[in-house]
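Chemist: my questions concern the predicted model and sequence given below.
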There are 4 protein chains.
Amino acid sequence: MDLWFTEKYENNTALSIKIKKTLYSGKSPFQKIDILESEDLGRILLLDDFIMLTEAHEFAYHEMIAHVPLFAHPNPEKVLIIGGGDGGTAREVVKHDVVKKCVMCEIDGMVVEKSKEYLPTVASAFDNPKLDLLIDDGIKYIKENKDTFDVIIIDSTDPIGPAEGLFKQEFYKQVFNCLKDDGIMVAQAENPYYYTDIQKDMFDNLKAVFPIVTMYLSFIPFYPSGMWSFAFASKKYKYNDNPRISDIENMEKTLKYFNNDIFYGCFALPNFAKVVL
Amino acid sequence: MDLWFTEKYENNTALSIKIKKTLYSGKSPFQKIDILESEDLGRILLLDDFIMLTEAHEFAYHEMIAHVPLFAHPNPEKVLIIGGGDGGTAREVVKHDVVKKCVMCEIDGMVVEKSKEYLPTVASAFDNPKLDLLIDDGIKYIKENKDTFDVIIIDSTDPIGPAEGLFKQEFYKQVFNCLKDDGIMVAQAENPYYYTDIQKDMFDNLKAVFPIVTMYLSFIPFYPSGMWSFAFASKKYKYNDNPRISDIENMEKTLKYFNNDIFYGCFALPNFAKVVL
Amino acid sequence: MDLWFTEKYENNTALSIKIKKTLYSGKSPFQKIDILESEDLGRILLLDDFIMLTEAHEFAYHEMIAHVPLFAHPNPEKVLIIGGGDGGTAREVVKHDVVKKCVMCEIDGMVVEKSKEYLPTVASAFDNPKLDLLIDDGIKYIKENKDTFDVIIIDSTDPIGPAEGLFKQEFYKQVFNCLKDDGIMVAQAENPYYYTDIQKDMFDNLKAVFPIVTMYLSFIPFYPSGMWSFAFASKKYKYNDNPRISDIENMEKTLKYFNNDIFYGCFALPNFAKVVL
Amino acid sequence: MDLWFTEKYENNTALSIKIKKTLYSGKSPFQKIDILESEDLGRILLLDDFIMLTEAHEFAYHEMIAHVPLFAHPNPEKVLIIGGGDGGTAREVVKHDVVKKCVMCEIDGMVVEKSKEYLPTVASAFDNPKLDLLIDDGIKYIKENKDTFDVIIIDSTDPIGPAEGLFKQEFYKQVFNCLKDDGIMVAQAENPYYYTDIQKDMFDNLKAVFPIVTMYLSFIPFYPSGMWSFAFASKKYKYNDNPRISDIENMEKTLKYFNNDIFYGCFALPNFAKVVL
C-alpha cells in the first residue's frame, strides 16, 4: 500500500516515509500528536505534523543532547530536562551513575502518556527512581528554582508553537540563574543549512547571557537536511576543560552514536555553520 | 506549479525537491544525464536518476573529497581524479599551490560537456593549466600507470552501473600500484545509515590491499540520510601524521565547509558507523 | 498530518487521497485488504493496494452495476452476484421487489467480514432474508448451477490476481449456461481510456459466447481516468427491449446516481471507446 | 527520472502526472502559463498551475464544448468563442460547413502564441479563413455586439482569476443580448462531484436570464473527478428540438468522442448532479 507521510521543509524540499499504519492521532491542549508505524524506520512521533523522532534513528538525537553536557561537566549530580516528553533524553541521562536526580519538566502530559503506550523503548526510564517527572510549564519551573542544577537540557520542539518562549533571552537568563555556578545548558538548535536566521537569534540571545557558548552537531536522517545542531552554553567550563569522558566505559554497550571521538569531533563546525556563532 | 523531483531511497523513504524547469535530459553511452533547475537549491545534476549534486550544497561533497587527502599528504604534487565529471573535485584540487599536475580521468565525456554548459560554477577548473582531462576508462588508466600519483581520488557514482568496477578489490590493487610509495587514496563511500552492507564489502576490499584504512564523514543534505562517508586508504601516512593543514590559509576564503577543525573532527565516527571498519 | 495514499496508474499517472488513519490492514488467503479513513471521502477499501471503493462515491459503481441489468430484465427473480464482497452490489439488488432470491458467491470471506465491521453503510444487506451468502469459488459455483439465474453480476477485481479467471471465454460459457434462456450478465469492465487491450480481450471473449454484447459507462472519480465501463451480455434482450424502468419509483429516494435518463444515456459510448466492441 | 506534476483538488485529493521535461514557463499580464511534456499523455497546458489540457485527452473537452451547441442549433452561421486561447474549441467549430464566421475573443494573447508554438495539434485552426481572432476582453466584446451570434461558447478558466466575471448574472444578460433570437450559449461548468456550490450559483445566474437551461457531461480524465459538465442555455431551442446531428457524417472521421448517441446521452444526469438545476 503506497501510504506515505511527507514533511515539507521551508526550502521547497520534502521528506517522505512509507507508513504501515497509524497508531494514534489526537490533540492535547498544546499540540497535535500523531504516532505512525513506518515500513522500515520503526514508529514515528509527530508533534504538530513535524517528525520528533523515528525509532530507527532517535539515538542520534537523544544520545547527543544528553551525553555531551553530562560528560563535559565534572560532577553532574542534578540534571533538569525541559521538554523531552517522549522520554528519550531522560533514558540517556539516568544511565550516568554520577547523576543522583533528574527532574524532567514537560508541559504536555499527553506526550508522556502516549510515548509510554506506543514508544516503550524510548519512554523506558519513567519508572527510574532517579527521575522526577513534572507535568508543568518549564519556564515557570526554571523561574522558581535558583542555583539548583548542574546541567539543564532544553529538549524542545521548534520555536514556533508551545516552545516559542524557550528560545528567548529572558528565558536564558532564568536558565542561567537556575544553574549552579559551574552549570552547563544544552538546547536543540535547529540546523545550519536551512535555519541560520533562527539560529543566529538563538545564539545571540545565549551569548548575551552565558560567557561560553558554542555549537555541536549530530547526523540525524529525518530532521531537515540531516544535520542537526545543539547549543552548548556554560557558566564556567569549556566543553573540553575536564570532561568526565572516561566514565563512558560504564555505559558503552548501550551507546549507538556517542563515543570519545564524537565528543570532541562533534564540535568541529563547517565554515558555513560558524557564522551563527 | 507543483513540479517535484523525487529520489526514493532503499529503506522506503524518499526525498523531493521542487523544480522550476528541466534544463537537459539525455543519454550518454554510459548513463542517463538530467539537469534540473530547482526552486531553492540551484541546479541539480542527476545521473541515472540519482542526485549527484545540487548547486546549493555541492561544496560539502567536493571540498571534503578533495581537501582531506590533499592536506593529509605532505607533498601532493601529482593528483589523479577518477570520475568527477562535473568538475567540482578538480576545482578544489587545483586550489592547492603544491599540486603541480591533476589528471582527471572520466569515462563519460558527456557529463563533462553538459556540466560545462549548465553548471559553470562547478565546472570552473576545466581550463586550468594544471588540469589534464582524459575521457577514458579509469580502470584502464590506473592499470597502465604505475607508481605515479601522490593522491588518487575516486569520485564515482554508486557501485551499481558504470562505477561497479571501482568498488572491487582488484581495482584497489591497481590503485595501490598506481600510487607512489607514500600515496593516499580517497573514495566516496556511501552512507552508514542505509548501506552498511555495501560499505562493509568496500572497506574489506580496501583493507585487503592498504595498510591504513579509515573513514570520514560529511553532512550532505541531498544524499540519502544526509550523512555521507569517504574511504581514506593510505600506504604510509595516517591522516594526522603530518598534515599540511597550515596551507589552508591560502584558500580559506574559498572554503564553505572544510577547515582545520573539520579535518580532525570528520574522522570521528558514531559507534554504529564504526562496524564497517 | 500530510499522510497520503497514492494509487499509480499504468500510464504514468497517479491519484492521491489524504488519509486520517488506517483502520485495518491484513492478508486473507487471497489478497491484501486495507481499510483507510480518508480526510474527505469517507472510508476507503483497498484490495491488493487498489482502491475498490470510497464511501463518498461507491454509489456510482454499485448502483450502475446492479440496476442496469435488473431494470433491463423483465422479471429478474433470481440474481447471482460473483464477488462483490463489500456488499454494495447486494445492497442495490435487494432493493428490487421483483427479486426473490439473490445469491452472492464471494471467494474471500475476510472481505465480507471486514466490510461488515468497517463499512456498515456498504455492507448493509447481509442480513436481508432474500440474500444467500456463499463463501466459495464463483467459477465452481457457476459451473455447478445450470439454467438457474435471470441476472448474473460479476463484481470482481481486475483481471490480475484472484479474479483472473473471471475474464476468460471458458468462464463466460459457464455463465451463459448458468443463466436462464433470457438471462443477462453484467461485469465490471475496466476503463476505455487506459485499458483498451484488456477490454478488447474481454469483449471478444464475451462476443464469442453471447449473442448480444454491449458496454455502458459510469462516472467514478477514484477509478483510473474517472470513466468506468461495464460489459452487458445478454441471451435474448437488448438493454432497451422492454425495460422494467417504471419500477424505479419504488426505490427512487435511495438512488444517488441511477435514473431513467441514465439507464438510456449510459449506453452512449464515445467513438474512442466503441473500438472495443 | 521521478519528476511529477501534481494538481491538488479541494477535497484533499491530488492527481499526479509523470513529466519528461518543461517546455515553457512564463507569466502573461493575466496568469502564469506553463507547458510540460508528460511521459504518456503528450503535452500539458497549465494556467495558474491548473491543468487546462493534456494532448492525450483534450478531444473529450473540445469536441463536447463545441459540437453539442453547434449540432443543437439548426443554422449556426455565426459563432463566438470567449476564451479558448489554446485553439482547441476553434478547431472543432470550423469543422462545421454551416459555420461561416467564428469570432474568438481571448483576453490573453500569450496563451494563443504559446499554444501555436508548443501545441500545434490543438492550435491548428488559427489560420482558418473563417476564424477571426481578437485579443480582447470578452466581457467588453459581448457588451458591444448585440443580436449578432447564433452560438456563443464560453471556454474559460475557473471562476477564480481572470475568468471570474464570466460566471456572473450580469455577464449572462449580455450574452443573452449578444445572441440572436434563437441563439444558444454553452459554457464550461466545473464538476458536480466537487463543486456543486459553484455550479449552483452559476446555474441560478443562467436560469435568471435564459428560458432554457440544462447541463451535459463529458468524461475528461485530468479534470477533477474525471466528470466534467457544461451549461447549455438557450433562448428558443431545447437541445433535442431539431438537431443538425445528421451533418455529423461530414466530420465523423475527425471525431474521437462526439457522436449521435453521445449527443443525446450526455444530457443524462445522475441524481446527485441534478440538484444543481
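Modeler: Cool, got the structure.

Chemist: mind giving me the domain ranges of chain A?
Modeler: Domain ranges of chain A: A:4-54, A:58-274, per automatic domain parsing.

Chemist: show the average pLDDT along the first one.
Modeler: For domain A:4-54, mean pLDDT is 96.

Chemist: any idea which strand is longest in chain A?
Modeler: When every strand of chain A is counted residue by residue (DSSP state E), the longest turns out to be strand A:13-27.

Chemist: anything in it near chain D?
Modeler: No: shown here: strand A:13-27 not in contact with chain D (CB under 8 Å from any CB of the partner chain), separated by at least 11.4 Å. Yep, even glycine has a C-beta here, placed from its N, CA and C like the rest.

Chemist: following that strand, which helix or strand comes up?
Modeler: strand A:32-38 (DSSP states H and E).

Chemist: in that next one, what's buried?
Modeler: A:33-38 (16 or more other CB atoms under 10 Å in any protein chain shown).

Chemist: ok, now stretch A:233-253?
Modeler: A:233-235, A:237, A:239, A:243, A:245, A:247-248.

Chemist: tell me which of the buried residues of strand A:32-38 is nearest to chain B?
Modeler: Using CB to the nearest CB, residue A:38 comes nearest to chain B of these, at 7.2 Å.

Chemist: within range of chain B, give me the residues from the stretch 101-250 of chain A.
Modeler: A:193, A:217, A:219-222, A:225-227.

Chemist: tell me which two in those are the farthest apart.
Modeler: A:217 and A:222 (15.8 Å; CB to CB).

Chemist: can I assume residue A:6 sits in a strand?
Modeler: Yes: looking at residue A:6 with DSSP: H, G, I helix; E, B strand; the rest coil, it is inside a strand.

Chemist: would you turn the residues of the stretch 101-250 of chain A next to chain B into TSV with pLDDT?
Modeler: Below are those laid out as TSV (pLDDT from 0 to 100):
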residue	pLDDT
A:193	92
A:217	98
A:219	97
A:220	96
A:221	93
A:222	89
A:225	92
A:226	94
A:227	96
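
Chemist: can you tell me which of these end up in strands?
Modeler: Among these, the members falling in strands (DSSP E) are A:217, A:219, A:227.

Chemist: would you confirm that the first one contacts residue A:226?
Modeler: No: between residue A:217 and residue A:226 there is no contact, the gap being 10.5 Å when judged by CB atoms under 8 Å.

Chemist: can you pull the residues that touch both of these two?
Modeler: Listed as contacting both residue A:217 and residue A:226 by CB atoms under 8 Å, 6 or more residues apart in numbering or on different chains are residue B:219.

Chemist: between these two, who's got more neighbours?
Modeler: residue A:226 (28 against 23; other CB atoms under 10 Å in any protein chain shown).

Chemist: so what's that one up against?
Modeler: By CB under 8 Å, 6+ apart, the neighbours of residue A:226 are A:219-220, B:219-221, B:225-227.

Chemist: what do you get if the cut-off is 7 Å, keeping everything else the same?
Modeler: A:219-220, B:219, B:221, B:225-227 (CB atoms under 7 Å, 6 or more residues apart in numbering or on different chains).

Chemist: cool, residue A:202 as well?
Modeler: A:167, A:189, A:231.

Chemist: pretty sure it is in a helix, no?
Modeler: Yes: judged by three-state DSSP, residue A:202 forms part of a helix.

Chemist: report pLDDT for it.
Modeler: 94.

Chemist: quick check: it vs residue A:237, distance?
Modeler: Plainly put, residue A:202 is 21 Å away from residue A:237 if you go by CB to CB, to the nearest Å.

Chemist: now do the strands in chain A.
Modeler: A:3-9, A:13-27, A:32-38, A:43-47, A:50-54, A:78-83, A:101-106, A:131-135, A:149-155, A:179-188, A:212-219, A:227-234.

Chemist: out of these, flag the one nearest residue D:68.
Modeler: strand A:3-9 (41.1 Å).

Chemist: packing partners for that closest one?
Modeler: strand A:13-27, strand C:3-9 (3 or more CB pairs under 7 Å, 6 or more residues apart in numbering or on different chains; DSSP states H and E).

Chemist: quick one: which of the contacts of residue A:202 has the most company?
Modeler: residue A:231 (26 neighbours).

Chemist: and stretch A:93-101, end to end?
Modeler: From its first residue to its last, stretch A:93-101 covers 10 Å (CA to CA, to the nearest Å).
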